[in-house]
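Student: How does the following fold in three dimensions:
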Amino acid sequence: MDAIIDSSSQGPTGFVAISKFTVANGMTGEVKAAFRNRPGYVNDKPGFLRMDVISPNQNPDEIWLITYWQDEESYKRWHSSPDRRQSQQFIPKGLKVIPGSAQITFYEHVSS
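Tutor: Below you'll find the model as predicted:
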């Protein structure tokens, strides 16, 4: 019989922030290109693990940013840093999003 490991005592294994928005003005291709060519200001920040940018096939104008962090504090430091504001300069000029479509949700990363 295999042993059952109780991982509840190990605590959270990470932190995930998922942001999403829907492009309103036909600039979806430019937005996706900006993410593909992003300068990666966050990549070497303490606690950052990785970022995925996805778009649902059913709504290609919707963009989801999934960032993985060692902990919530690392995310908060990045989110309030000048580097984050600097990275936003690569957002295509004139981008408009559908009002009310921008959302951010936080998660405990349990397992991969």
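
Student: which residues touch stretch 63-80?
Tutor: Residues outside stretch 63-80 that contact it (Cβ atoms under 8 Å, 6 or more residues apart in numbering): 12, 14-23, 28, 31-32, 35, 42, 45-56, 84, 106, 109. For the C-beta atoms, the positions are set from N, CA and C on the backbone; glycine is no exception.

Student: Helices along this protein, start to end?
Tutor: 28-36, 72-79, 82-87 (DSSP state H).

Student: How many neighbouring residues does the nearest residue to S111 once chain neighbours are set aside have?
Tutor: Nearest-residue entry for S111: T13, 6.9 Å, with adjacent residues in sequence omitted and distances by Cβ to Cβ, 6 or more residues apart in numbering. T13 is flanked by 13 other residues according to other Cβ atoms under 10 Å.

Student: Next up, the contacts around T13.
Tutor: Taking Cβ under 8 Å, 6+ apart, one finds E108, H109, V110, S111 in contact with T13.

Student: which of those residues lies closest to I91?
Tutor: Closest approach to I91 among the contacts of T13 (Cβ to Cβ): H109, at 26.4 Å.

Student: who touches that closest one in this structure?
Tutor: Applying Cβ under 8 Å, 6+ apart, the residues near H109 are P12, T13, G14, F15, V16, Y68.

Student: let's see it at 6 Å
Tutor: Neighbouring residues of H109 by Cβ atoms under 6 Å, 6 or more residues apart in numbering: T13, G14, V16.

Student: I figured Q103 hits I18, correct?
Tutor: No - counting by Cβ atoms under 6 Å, Q103 does not reach I18; the two are 8.3 Å apart.
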